[in-house]
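> have a look at this prediction, sequence included:
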Amino acid sequence: MVFSSLLRGIRSVWTYRRVVLLFYLANLLAAFLVMYPFRAVLGKFAGWSLMGKFLAGRLDMDFFFELLKYRQEVFPALFGLLMVVAVLYWIAELFLSAGAFGVLLQGEGYSSPLFWRSAGTYFFRFVRIVLWGIPVFIAFYLIQFIEVGGQRLLFGRDPYQNVLYWGRWIRIGLQFLGFILWLMVLDYARIIAVATEERRMRVVVWQALRFVFGHFGKTFLLAFLLYAGGILVGLAYQPVSNALSAPSSVTIGLLFIVQQLYMMFRMALRVARFSSQAVLYQKMAGT
Amino acid sequence: MRKMAIFCVAYIFWGWGNLGLSAAQPVLFPEPLSQRIANYRIEVRLEPETRKLFGTETLTWHNPSNDWIHELQFHLYLNAFRNDRSTFMRESGGVSRGRRIGKDGWGYIEVTAISLSGGEDLTDRMEFIQPDDGNPDDKTVFRLPLPRPVPPRGTVVLDIQFEAKLPTPPFARSGAKEEYFFVGQWFPKIGVYENGAWNCHQYHAHSEFYADYGVYDVWITVPEENIVGATGVEVEVKKNGDGTATHYYHAEDVHDFAWTTSPEFLVYEERIQDVDVRLLLQPDHKNQARRHLEAAKVAITHFQDWYGDYPYPNLTIVDPRRGAAGSAGMEYPTLITAGTMYGLPDGIRAVEAVIIHEFGHNYWYHLLASNEFEEAWLDEGINTYTEMQILNDAYGPVGDVVDFLGIRINDLQFQRYQYIFWPDYDPIVKKAWEFYNGTSYSVNSYSKPGLVLTTLKNYLGAEKMRQIMRTYFQRWRFKHPRTADFIAVAEEVAGEDLGWFFDQALFSNKVLDYAVSAIRVRRVREPRGFDFTLSVKDTSDTAGVGAFSAQSDSQKASAAAETSRVTVSDSADTTKKPVPYENEVWVRRLGDFVFPVEIQFVFDNGDTLTEHWNGRDLWKKYRFVRPAKLEYAVIDPERKVVLDVNFTNNSMTRKKQRAGINKLSIRWLFWVQTLLDQPELLTLAQLFRF
């Protein structure tokens, strides 16, 4: 059931390619808002310098340190901008996900009117889902402290550094696990909200929790496979990206294309996740 | 020579009357290498539970001067940690090396009795003094008026009893953490008498030490299961039958003595060149033993090959315990502390850098015992320079200190990174406690002097610079060199007056910054207006092309400006290419540090011109009439003048450099896209908390 849901989800990506495109464009636009001022700063600082030329190759650390020194006022502003854009992006993404789940659960292919109507209809419900999801997030976030407690119990307050080191890896793993679980609950809550037209979002979140943990093997395996797939493609992307280091405009253009193809893949993966989870829910719930 | 002879140890058996010990005293050096002014015999017992030391000390001090000495002055360094009113604590705000002393972690040292060897008690004569800041709460220096003066070239012998408590966790180099003890600056230590006065400074937050050479015989009593490492060579270990053991260490021609003990140390030994290296490693770091020893090998071989002989038979490297980083990265004669973390990637060469640096101090601080209180650059700065050279030679040329995840950073770049943020708060030569703050002390004692000497090396040439360092080392070993002595050696070896350089680099806070401020490329047009009949071609065939330039307007405005430089391509070229271009470049000296620089002009037909500018004027304009357009101009194209605080403004291009800007921008775009898509990746950042 998990694999058939996964396959159906993956197959649906092409059908819902416009949804993929919308997610991608939102991501690109948001990142562009942060990139553009950065590019302007760079251009002004080094655009007429040989440093600007050297940057086409490997990052020159002398340049990097000088940028930190001579444009130090820029970085807090950039960070602030990134935070604002991240919030806006999160809202936009929630809005688009409302449209996406609307068309995915309807199951008859992409329809612009249905997408935007669903986006409008479910957006505020999804916002409430996220708000109700905060306590869930906190609970899952606390999972990582199992490691801290275990460490204290087994090794006391003065453990060797290897214990601290591997403990840190374990804690990161638990953080990722908590994050995946939270995303699963949010995803299924959104699916349930659209599928059942339930308007009480705390009920929806509760139902999602019950669904996720009631069929934990299946729900987790599905999410894990998609997540692992993303990691594998990410690992494959890195050497390709690193190989594109020649200081020529053609290579830089190629790098941009590869980067954006990877980001499109990430967005396709998101749609595949939504779709396969919707299929799994429909199968399990018999709707 | 060297250690083979040293190992022909002549054991002289003799009794230690007042210490009640008998032992074999080896002779490491048949001929003394130093003046041996301050000689110590110390018996110390560690009480681990209370972190206390109980010691008796016999000091034999030889008056090196022709003065009658009426009083002695001593350091009691551990009193810096006595309370929050000491000068050290006031200056540091209670924080040293990013660490705060533990709530109940205070330390101290008390001299419980002091007497002349003949038995005359002088304890009541002790008086705390504060020669640097007059802080009455500071008890890190005391004076001892003598009942009878020490005659010129005479000797005085004192018996001292003391009790000390080590701070916890180790703070500012010294202290205890659980079973681990690092014991430095721990005994009553006499100051340096020179130039008719005592040089005995208080312990400051940003100062290190200064002392005379001597012979040390130290008996250290610790729990029997403990492993001990110390300055000098271990002569004997005697079990006392009460669960303790006494380790006897002997050191000659050293000016300090530190030791460490822990039952947890893993011991690794290796002979590198003619030095027996002993590594005392924490169990956490067992898998980094090889790294430590390899780094020691790099350090020992480079220093001996480049600068001169390390005369001692051994070196001990101590790996501080977790939670005891306050004792990491410190140097003592024949004993250094390193510092690492479990899981530190091979590409982050922090262990290598610290071992090379701390071993280097056995040259620049120990063998050349400069005054770290007053001229910290002479040890830290010179040592930073040699550390950069060695790291680059061993692990370079790119990424010699960090080569990890595609990021490559040289030590030189790290030093410069610190320097460019604080280039002008203080001059380099200044007393350690008089710097603007700790960062300025650090920059002016480590980074900037390292860059000053690198700039000098690039100016004089690597081989000449190495000769300077070698000569300085050979001439001043086992002495107390001052800044003027280093400069004198540099000028002698270089064969030129370098005052213009050192005055600016060491004794002023002048900033070095050159920039290409403008480029203008224009096609040479036919002269217009009254009196002109020459054609463009005629013009380019003569050396008088400059007569048509407008540069003189600006130059006339500045009396200081030099005459504009006019370089004309040869006539054959211009004949072939009848459309010459007038290329103008303005270069500026933005800082007040004057240094000669090389300027390179590159044209779009591949031609390259190099000019030398003495940099004395505020700006200079270059003008070239050539059949090619200038592509770019760059000052110091090889980045030899590493004191320049801004390399980015050292060049200017005629066309905007979009490719590089675009590349970095799209990288940034991609990182932002990824973070927005997967914010959970931020959790990975905690992996880099080493």
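That came in fine, so what should we check first?
> B:Asn437 versus the most centrally placed residue in chain B, what's the distance?
Nearest to the geometric centre of chain B sits B:Glu380, at 2.3 Å (Cα atoms, centre = their mean). For B:Glu380, the distance to B:Asn437 (Cβ to Cβ, to the nearest Å) stands at 16 Å. All C-beta atoms are positioned from the backbone trio N, CA, C, and that covers glycine.
> follow-up on the earlier one: surely the residue nearest to the centre of chain B meets B:Asn444?
No: between B:Glu380 and B:Asn444 there is no contact under Cβ atoms under 8 Å: 9.3 Å.
> dihedrals phi and psi, the closest residue to chain A within the stretch 101-250 of chain B?
Nearest residue of the stretch 101-250 of chain B to chain A (Cβ to the nearest Cβ) works out as B:Glu178 at 6.7 Å. Dihedral pair for B:Glu178: phi 50, psi -120, per degrees, to the nearest 10.
> so who does it touch?
Residues in contact with B:Glu178, defined by Cβ atoms under 8 Å, 6 or more residues apart in numbering or on different chains, are A:158, B:321, B:323.
> then B:Glu380?
B:364, B:372, B:445-446, B:449.
> can you tell me how far it is from B:Asp497?
26 Å.
> on that earlier part again, make a PyMOL selection of the buried ones in the contacts of B:Glu380.
The buried residues among these can be selected in PyMOL (16 or more other Cβ atoms under 10 Å in any protein chain shown) with this line:
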select buried, chain B and resi 364+372+445+446+449
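> determine which two of the contacts of B:Glu380 are furthest apart.
The span of the contacts of B:Glu380, defined through Cβ to Cβ, is set by B:Glu372 and B:Pro449 at 13.0 Å.
> need the helices for the stretch 101-250 of chain A, in chain order.
Per DSSP state H, counting those that start in this stretch, the stretch 101-250 of chain A carries helices over the ranges A:112-141, A:145-155, A:161-196, A:201-214, A:216-243, A:249-285.
> could you name the helices and strands sitting against the shortest one?
When contacts are defined as 3 or more Cβ pairs under 8 Å, 6 or more residues apart in numbering or on different chains; DSSP states H and E, helix A:145-155 sits against helix A:161-196.
> got the angle for the helix it packs on vs helix A:112-141?
Angle of helix A:161-196 versus helix A:112-141, following axes from the mean of the first three to the mean of the last three Cα atoms, to 10 degrees, is 140 degrees.
> which one is A:Val163 nearest to, not counting chain neighbours?
Nearest non-adjacent residue to A:Val163, counting by Cβ to Cβ, 6 or more residues apart in numbering or on different chains: A:Phe155, 5.1 Å away.
> measure that neighbour to chain B for me?
Distance check for A:Phe155 against chain B: by Cβ to the nearest Cβ, to the nearest Å, it reads 12 Å.
> how many neighbours does A:Ala228 have?
Neighbour count of A:Ala228, defined by other Cβ atoms under 10 Å in any protein chain shown: 10.
> do B:Pro147 as well
By the other Cβ under 10 Å criterion, the neighbourhood of B:Pro147 contains 9 residues.
> OK, contacts around residue 129?
I went with chain A, as the question did not name one. Residues in contact with A:Ile129, defined by Cβ under 8 Å, 6+ apart, are A:186, A:189-190, A:193, A:201, A:204-205.
> my question was about chain B, not that one.
B:Ile129 neighbours (Cβ under 8 Å, 6+ apart): B:73, B:141-143.
> okay, now the unreliable bits of the chain?
With no chain named, the answer covers chain A. Residues of chain A meeting the criterion pLDDT under 70: A:287.
> hmm, I had chain B in mind actually
For chain B, the ranges with pLDDT under 70 are B:1-24, B:532-578, B:688-690.
> let me see the domain layout of it.
Following automatic domain parsing, one gets these domains for chain B: B:32-263, B:279-510, B:514-655, B:658-690.
> among those domains, which is the most enclosed?
Comparing the domains of chain B by mean neighbour count (mean count of other Cβ atoms under 10 Å in any protein chain shown), domain B:279-510 comes out on top with a mean of 21.
> and it, how far apart are its ends?
The first and final residues of domain B:279-510 sit 43 Å from each other (Cα to Cα, to the nearest Å).
> what of stretch B:64-76?
End to end - Cα to Cα - stretch B:64-76 spans 22 Å.
> who touches that stretch?
Stretch B:64-76 has contacts (Cβ under 8 Å, 6+ apart) with B:35, B:37, B:61, B:63, B:109, B:111, B:129, B:139-146, B:149-154, B:156, B:158, B:185, B:188-191, B:193-194, B:196, B:198, B:200, B:203, B:209, B:212.
> residues in contact with stretch B:106-117: which ones?
B:51, B:58, B:74, B:76-79, B:81-83, B:121-123, B:126, B:142, B:144, B:147, B:156-168, B:171, B:174-175, B:186-188.
> repeat that for stretch B:465-476.
Outside of stretch B:465-476, the residues within contact range by Cβ under 8 Å, 6+ apart are B:306-308, B:363, B:367-368, B:382, B:386, B:453, B:456-457, B:460, B:481, B:485-486, B:489-490, B:492-494.
> element containing the residue nearest to B:Phe647 when sequence neighbours are not counted?
Among residues not flanking B:Phe647 along the chain, A:Asp62 sits closest, at 5.1 Å (Cβ to Cβ, 6+ apart). Per DSSP states H and E: A:Asp62 is located in helix A:61-70.
> what does the stretch 151-287 of chain A put close to chain B?
Within the stretch 151-287 of chain A, the residues that sit near chain B (Cβ under 8 Å from any Cβ of the partner chain) are A:158, A:160-162, A:164-165, A:168-169, A:171-172, A:175-176, A:179, A:242, A:247-249, A:252, A:255-256, A:259, A:263, A:266-267, A:270.
> pull out the buried members of the residues you listed.
When neighbours are counted using 16+ other Cβ under 10 Å, those contain these buried positions: A:161, A:164-165, A:171-172, A:175-176, A:179, A:252, A:255-256, A:259, A:263, A:266-267, A:270.
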